[in-house]
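*Asks:* turn this into a structure:
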Amino acid sequence: MAGTEFDLEGFLPYLLNQAAETTGREFAAAYRGRYAMTRTQWRVMAHLGRFGAMTAAEICRRAMEEKTGVSRSVQALEDRGWLIRGAVAEDRRAEALSLTPSGREVYDALAAEAIRFDALLRARLGEARAAGLAEALTALVSAARD
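*Replies:* Numbers count the residues shown, from 1 in each chain. Below is the predicted model:
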């Protein structure tokens, strides 16, 4: 083999993916086990719970999710009575999505679990490492969006 040997285990995109998959699976127990919810459904609920009413297109942009997955998730959440659709005055083709009172209860319970999980991860890393990691990840996302 000629040239530089590729170090997969040291490749930052690989490491980021491994960390995201590992921690994502660990947190999935909170929304899958208790609410039989998919990752995309949780992400839709998390965005609506944190930021209030928004369109599916806005959720796709913020969550970096595919339109079809978000559309399916919106329908599933609506079928469960956790989400409602409303009109958007500026664009009659768009729908404003928001949580119902029961959807808000589910979000609140999962948000509390997410806060506990985040604290656990931060404790595993230690305060300084966790802060540095959060800063580095924020910089990567910010640079990619520019």
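*Asks:* who's in contact with residue 99?
*Replies:* Remark: with contacts taken as C-beta atoms under 8 Å, 6 or more residues apart in numbering, residue 99 is in contact with 45, 48, 49, 82, 83, 84, 107. Heads up, the C-betas are built off the backbone N, CA and C, glycines and all.
*Asks:* got a pLDDT number for it?
*Replies:* On pLDDT, residue 99 comes in at 98.
*Asks:* quick check: the residue nearest the centre of the chain vs residue 9, distance?
*Replies:* For the chain, the residue sitting closest to the mean C-alpha position, by C-alpha atoms, centre = their mean, is residue 43 at 3.9 Å. Residue 43 sits 28 Å away from residue 9, going by C-beta to C-beta, to the nearest Å.
*Asks:* before we move on, what about residue 145?
*Replies:* Going from residue 145 to residue 9 by C-beta to C-beta gives 28 Å.
*Asks:* could you pull out the helices for the chain?
*Replies:* Remark: helices assigned in the chain by DSSP state H are 12-28, 34-35, 39-51, 56-63, 67-79, 101-125, 127-145.
*Asks:* which residues touch the closest residue to residue 66 other than its chain neighbours?
*Replies:* Once flanking residues are discounted, residue 66 sits nearest to residue 60: 7.2 Å by C-beta to C-beta, 6 or more residues apart in numbering. When contacts are counted by C-beta under 8 Å, 6+ apart, residue 60 touches 66, 67, 70.
*Asks:* what's the answer for residue 41, then?
*Replies:* 31, 73, 76, 77.
*Asks:* could you dump those residues to a markdown table with neighbour count?
*Replies:* Converted to a markdown table, the contacts of residue 41 look like this (neighbours: other C-beta atoms under 10 Å):
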| residue | neighbour count |
| --- | --- |
| 31 | 22 |
| 73 | 23 |
| 76 | 17 |
| 77 | 25 |
